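Visitor: Just a sequence and a predicted model for now, questions to come.
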Amino acid sequence: MTQRPRLSVIGTGYLGATHAVCMVELGYEVIGLDVDQAKIEALRAGRIPFFEPGLPELLAKHIDSGRLRFTTDYAEVAEFADVHFVCVGTPQQKGQYAADLTYVESAFAALAKHLTRKVLVVGKSTVPAGTAVRMAELLTELAPNMGVELAWNPEFLREGFAVEDTLRPDRLVFGVHSEWAEQTIRSAFAPVIEAGTPVIVTDFATAELVKVAANSFLATKISFINAMAEVCEATGADVTQLADAIGHDVRIGRKFLNAGLGFGGGCLPKDIRAFIARAGELGVDQAVSFLRDVDEINLRRRARTVELGLDLNDGSYRGTQVAVLGAAFKPNSDDVRDSPALDVAAAIGRRGADVRLYDPEANANARRLHPELTYADSLDEAVSGADLVMLLTEWQEFRSMDPEIIGNKVRKRNVVDGRNVLDPVEWRGAGWIYRSLGRP
Ligand code: UDX
């Protein structure tokens, strides 16, 4: 093994494209592969096919350097790289809780068939416990007598901060079964390790579980505060002050205690559901049965938001114009997968409202899923003539809205703050009827 192994990244979605570009930034030579020709062409042309702050600049910086290229050809990848990162998606199966492992299985199989020498294959996709052992067997079966080895290396990057999280992660987790595999994966992260990043070396099952355990904890923290928001609504208490007060206890911490419309995206919802499904198969469903509550509390917040808007609209959405601010599952992202904001927008649309939706980055993705809604090109256009304004994704542009300026554009000064980011005193002072989730 050379000092600096050559790397491949298989699957160039949110995770893979970021990983490929950042590894070049860290000094490696990288080849990225995807089966989607259009994605590869976009990347070759220097275009990132999704919104991620900082990533287009890094791609532009490296695309001409010769140290980063993209292909759809497994043979080219197998020939080039010493360490292969598998970064393909594991979406939720249709109509079921379990994860769909088709892409993982086909990526491992396709790569294995083309391997000609001993390499390290590193799984980064989020998978149910037990997948790594099966993938190791698959490698031995399809690439026999070469000593190909597997490592599992979960990824914790957050969309919107993906570059920072990849270049400077808060920890590295390596699931390995041999000294050679450990040394090889260490050489693939040398600059990150030299920067002092903590490394946890463990077995396959622990490495797989670290990821789902971390996401389950985060989801639980959000649903805990949203459960408190429900209690606050019944008692007249203020969930934001409650979160501030308990968050000062360092054992609890203030992060991930923002009550509101709850979590969505391509990770937390499907990961907790896949965990419930896998725990059932393992005979330990009771151990994670609380995750069903976590999921239910989260979905109840969406229904509650629809109700709040209904109250302000005198019991019916029919014939009213509603400005929905936000479609992405969180700010600084164009991702609308399992987005609470888009879900609420669609539900209101089904109840007869004329929805005018505006998101600074996610309009195009939202339109693909919900072409029946009307999309506005600006905040101004969305709120003009509205009977109700609903802030559902907390983009800075929405957080800093002036209640007077917006008030002069709408028909009625009714606002639902689905993310608890507006100042109720200021908005009420400007004559708005202000409602939020868990604040009086
Ligand atoms: C998450 C994990 O944070 C990351 O470590 C993992 O690798 C992938 O899943 P991401 O999906 O990018 O990352 O989003 P994150 O920032 O964690 O937010 C998830 C959801 O929770 C968003 O919908 C967000 O709006 C919501 N959220 C977050 C809250 O409702 N309240 C909070 O206090 C924090």
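Guide: Sure thing, it's come through.

Visitor: buried residues in stretch 62-76?
Guide: 62-63, 67-71, 74 (16 or more other CB atoms under 10 Å). Quick note: C-beta positions are derived from backbone N, CA and C, even for glycine.

Visitor: Check stretch 294-309 too.
Guide: Using 16+ other CB under 10 Å as the test for burial, stretch 294-309 gives 294-295, 297-298, 301-302, 304-306, 308-309.

Visitor: Kindly report the same for stretch 214-234.
Guide: Across stretch 214-234, burial judged by 16+ other CB under 10 Å covers 215-216, 218-230, 232-233.

Visitor: doesn't P91 make contact with V104?
Guide: No - the criterion here is CB atoms under 8 Å, and V104 misses it with P91 at 10.9 Å.

Visitor: More neighbours: which of those two?
Guide: V104 (25 against 14; other CB atoms under 10 Å).

Visitor: Next, V24: secondary structure please.
Guide: helix (DSSP: H, G, I helix; E, B strand; the rest coil).

Visitor: Show the model's pLDDT score for it.
Guide: For V24, the pLDDT comes out at 97.

Visitor: likewise D387?
Guide: With respect to pLDDT, D387 has a value of 98.

Visitor: Measure how buried the nearest residue to it once chain neighbours are set aside is and give me the count.
Guide: Nearest residue to D387, sequence neighbours excluded (CB to CB, 6 or more residues apart in numbering): T320, at 4.3 Å. Here the number of neighbours of T320 (other CB under 10 Å) works out to 23.

Visitor: can you pull the contacts of T320?
Guide: By CB atoms under 8 Å, 6 or more residues apart in numbering, the contact set of T320 is 313, 352-354, 387-388.

Visitor: hmm, try it at 10 Å
Guide: By CB atoms under 10 Å, 6 or more residues apart in numbering, the contact set of T320 is 309-310, 312-314, 348, 351-355, 386-388, 411-412, 414.

Visitor: In this structure A45 contacts D64, no?
Guide: No - distance between A45 and D64: 11.9 Å, which falls outside the contact criterion (CB atoms under 10 Å).

Visitor: circling back: run through the buried residues of stretch 214-234 and flag the ones next to the ligand.
Guide: Restricting the buried residues of stretch 214-234 to those adjacent to the ligand (criterion: CB under 6 Å from any ligand atom) gives 215, 218, 222.

Visitor: okay, those residues in TSV with pLDDT next?
Guide: TSV is the format used below for these (pLDDT from 0 to 100):
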residue	pLDDT
N215	97
L218	98
I222	98
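
Visitor: List just the nearest of the residues you listed to the ligand.
Guide: For those, the residue nearest the ligand by CB to the nearest ligand atom is I222; the value is 4.5 Å.

Visitor: could you measure the closest one against D82, distance?
Guide: Look at I222 and D82: by CB to CB, to the nearest Å, they are 40 Å apart.

Visitor: Give me the pLDDT for S178.
Guide: At S178, the model reports a pLDDT of 98.

Visitor: Report how many residues lie close to the nearest residue to it once chain neighbours are set aside.
Guide: Distances taken as CB to CB, 6+ apart put E149 closest to S178, at 6.2 Å, once the chain neighbours are dropped. Using other CB under 10 Å, E149 is surrounded by 20 other residues.

Visitor: Show the backbone phi and psi for E149.
Guide: Dihedral angles of E149 (phi, psi; degrees, to the nearest 10) stand at phi -120, psi 160.

Visitor: cool, the one 3 residues further on as well?
Guide: Backbone torsions of W152, given as degrees, to the nearest 10, read phi -120, psi 130.

Visitor: Quick check, it in contact with G130.
Guide: No - using CB under 10 Å as the test, W152 is too far from G130 to be in contact (11.3 Å).

Visitor: I'm done for today, thanks for sticking with me.
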